[in-house]
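>>> Mind looking at a prediction? Sequence and model below.
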Amino acid sequence: MRTESLCPCCSSKDIHTFLSRRGVPVHQNLVLCSKKQALAVTRGDLELAVCQSCGFIFNIAFDASKMEYGADYDNLQICSGMFSEYIDALANSIVQGAKIQDCQIVEVGCGKGFFLKKLLTIEGGEKNKGYGFDPSYEGDVTDLDGRLQYFREFYGPNCTDIRADVVVCRHVVEHHPSPIELLRSIRLTLGGSSQARVFFETPCAKWILRNNAIWDFFYEHCSLFTEESLSNAFALAGFSVEKIKHTFGGQYLWLEARPQEEGNAIKGSVGETSELANIFSQKEAQFKRTWFEKIKTLKSSGKVALWGAGAKGVTFANLIDPEERLIDCVVDINPNKQKGFLPGTGHPIIEPRELKNFKIEHVILMNPNYWDEVQKLLNHLYSGINLIACEER
């Protein structure tokens, strides 16, 4: 169990706890076939602290022994046409925009491998070779006539026999309790190669705080970054940061770097993060009450559903309706989650076509990025339904 009194990134003693939640589900993306399973999920405590020196946010109470990413874990997002377009654009920005062609690409934490395969199959990437590393990977270990290989292990110093021109790591570092160790391990594996390119994507902590997104703080994400803390961590690990920007409507951070003997960070203001965390801490209870009353009012005029059985939806339901009294069901377009039950609360997960059978009048959309896609689908399936976004569009 992690109980540091020091920042895991910069080792500062100047840290401040700003959020405390007891007994939250440790996994938000489990596929659970019964309500009994859903109610019996493993739980842990969320004690988020912010480093006043670098802006890094982490769960002091995180216990890695509770985590188990197995076959029943599914966070696949490419069922959405909108997200697939985003992934295509991101892959294109790497292959064509950054001119990553005729290269050996390593993906750290490749999951099911769809993004790495995209980097080898889109226009310009046909001569790239790919190596995916993930202990939880399931599927064939080779693809594309041997151009693509998968390894069910962590990427680290034992993998130096595979030369990496490019390292890609998307939505992995936020799951790691010691992110600086992960970055240093990658840096050590790259050795003296100053020409290697490194691309990282991770959620933006400032976006969560600024948007009062109480449903975006959950157990799986034990390490959350701002622009400043992510850039600083890479510099400390021996990288020179070339670019850091917001993507996916501001929700994600995208970083590009190269290995250097003495890394450098892109400077920024850390004080804003501490201030935002302090405001969030003071108003979290109010945010929860506001949403409870809002859904209670909606419920008085018709049945209510959430759209999205991923991390946001699971966290929202556990915070606002833990006893399954206000929200009638959760909608998800991932077929693997449909007919299952939401971790921690047991809300049934349905496919969009079932909204009419459930007589749903109000749908709360957990991620406003999908507004146009969801509204179009609802108009086709079930016109007249009241769609409500959790955050401002």
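Good, I have the coordinates. Residues are numbered from 1 along each chain as shown.
>>> Which residue ranges of the protein form helices?
Secondary structure of the chain (DSSP state H): helices located at 35-39, 81-92, 114-121, 179-190, 205-210, 227-236, 271-299, 311-320, 371-381.
>>> now for the fifth one, which elements pack on it?
Applying 3 or more CB pairs under 8 Å, 6 or more residues apart in numbering; DSSP states H and E, one finds that helix 205-210 contacts helix 271-299. Heads up, the C-betas are built off the backbone N, CA and C, glycines and all.
>>> Ok, the last one next?
Other helices and strands packing on helix 371-381, by 3+ CB pairs under 8 Å, 6+ apart, are helix 81-92, strand 360-365, strand 386-389.
>>> Would you point out which residue is most central in the protein?
Residue closest to the average C-alpha location in the chain (CA atoms, centre = their mean): H171, at 5.2 Å.
>>> Can you give me every residue that contacts it?
Neighbouring residues of H171 by CB atoms under 8 Å, 6 or more residues apart in numbering: 109, 201-203.
>>> per-residue pLDDT, it?
Per-residue pLDDT puts H171 at 95.
>>> ok, now N264?
Looking at N264, its pLDDT reads 66.
>>> Next: S274.
Per-residue pLDDT puts S274 at 93.
>>> quick one: the closest residue to it other than its chain neighbours from D332, how far?
With sequence-adjacent residues excluded and distances taken as CB to CB, 6 or more residues apart in numbering, S274 is closest to Q52, at 5.3 Å. From Q52 across to D332, the span is 39 Å (CB to CB, to the nearest Å).
>>> Neighbour count for those two, which is higher?
The neighbour comparison of Q52 against D332 (other CB atoms under 10 Å) goes to D332, with 22 against 18.
>>> Tell me which of the helices and strands packed on helix 371-381 sits nearest to Q260.
helix 81-92 (24.8 Å; CB to CB).
>>> Who are the packing partners of the closest one?
Counting by 3+ CB pairs under 8 Å, 6+ apart, helix 81-92 packs on helix 114-121, helix 371-381.
>>> how big is the angle separating the first one from helix 81-92?
Calculated by axes from the mean of the first three to the mean of the last three CA atoms, to 10 degrees, helix 114-121 forms an angle of 50 degrees with helix 81-92.
>>> Would you mark the buried spots in helix 114-121?
Neighbour-count burial for helix 114-121 flags 115-121 (criterion: 16 or more other CB atoms under 10 Å).
>>> okay but V331 is in contact with L306, surely?
Yes: between V331 and L306 there is a contact under CB atoms under 8 Å: 7.0 Å.
>>> Need the residues touching each of these two.
With CB under 8 Å, 6+ apart, V331 and L306 have common neighbours V363.
>>> quick one on the thing from earlier: can you tell me which of the contacts of H171 lies closest to L276?
Taking CB to CB as the measure, P203 is the one of the contacts of H171 closest to L276, at 14.6 Å.
>>> In contact with the closest one: list those residues for me.
171, 174, 216, 221, 224-225, 251-253.
>>> PyMOL command for the buried members of these?
The buried subset of these, as determined by 16+ other CB under 10 Å, is captured in PyMOL by this line:
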select buried, resi 171+174+216+221+224+225+251+252+253
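>>> Rebuild the contacts of P203 as TSV, extending it with distance to G302.
Below are these laid out as TSV (distance: CB to CB, whole Å):
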residue	distance to G302
H171	36
E174	37
D216	27
H221	33
L224	36
F225	40
Q251	30
Y252	34
L253	39
